[in-house]
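K.L.:
Output the structure for:
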Amino acid sequence: MEHLFNIFVKSIFVDNLIFSTFLGMCSYLAVSKTVKTATGLGIAVVFVLTITVPVNYLLENYILKQGALSWIDSSFKDVDLSFLSFIMFIAVIASMVQLVEMIIEKYSPTLYNQLGIFLPLIAVNCAILGGSLFMQQKQFNTISEATVYGFGSGIGWLFAIITLAAIREKLTYSNIPAPLKGLGITFIVTGLMALAFMGFMGIKL
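P.N.:
Got it, this is the predicted structure:
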């Protein structure tokens, strides 16, 4: 249990997809103008990461990597389908994003219209694919570890975008030099937040 908690905390603060790897920056910058839209997209990202990372873990360990198909028959022990990882991971992500899009459109049409094109673009959000690829790189031993990592990574992304959205809402009332208005000051704030998150690298887990 402690090991899973360590993975959860580390994925939020130490290995934050935004501040440590700068993945998913396009939607992060575009949708963080208000807290409401940022929260909606962030929750969608949490859902997609929580589902796709463990599903892709099962794909990786029981179908794709060398010897994964030996559970069918010992004659498949030398079969290696790892070259299909990218396309299979993306297929899983795209199907989950389509499910999220249908749910939001049905139950929250206002949020669906506010998110606009950025909702279906979760399918090509590099943070989502990055979560699965980092899962593959970290070589987790159980599906619970992969699930906790996916959920924690989503929470980290949600925390990052809500924090930036809150700051940007306050910045609208600030006296910012004209050349820095808009994305200029947003990039500066993001860089400062990334520097602040580097302090979490000192956490001993």
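
K.L.:
pLDDT on the helix ranked longest in the chain, on average?
P.N.:
For the chain, the longest helix by residue count, based on DSSP state H, is helix 143-171. Taken as a whole, helix 143-171 has an average pLDDT of 94.

K.L.:
could you point out which element follows it?
P.N.:
Next along the chain after helix 143-171, taking DSSP states H and E as the criterion, comes helix 183-197.

K.L.:
so I63 makes contact with W71?
P.N.:
No: the pair I63 / W71 is not scored as a contact, 9.7 Å apart, by C-beta atoms under 8 Å. For glycine as for every other residue, the C-beta is placed from the backbone atoms N, C-alpha and C.

K.L.:
Just the CA trace of the worst-scoring helix or strand of the chain on mean pLDDT, in CSV.
P.N.:
Across the helices and strands of the chain, mean pLDDT, DSSP states H and E gives its lowest value to helix 109-115, namely a mean of 79. Extracted C-alpha coordinates of helix 109-115, given in CSV (Å, rounded to 0.1, in the frame of the first residue of the first chain):
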residue,chain,number,x,y,z
PRO,A,109,-23.5,20.6,-23.5
THR,A,110,-22.2,24.0,-22.2
LEU,A,111,-18.9,22.6,-21.2
TYR,A,112,-18.7,20.6,-24.5
ASN,A,113,-19.1,23.9,-26.5
GLN,A,114,-16.6,25.7,-24.3
LEU,A,115,-13.9,23.0,-24.8
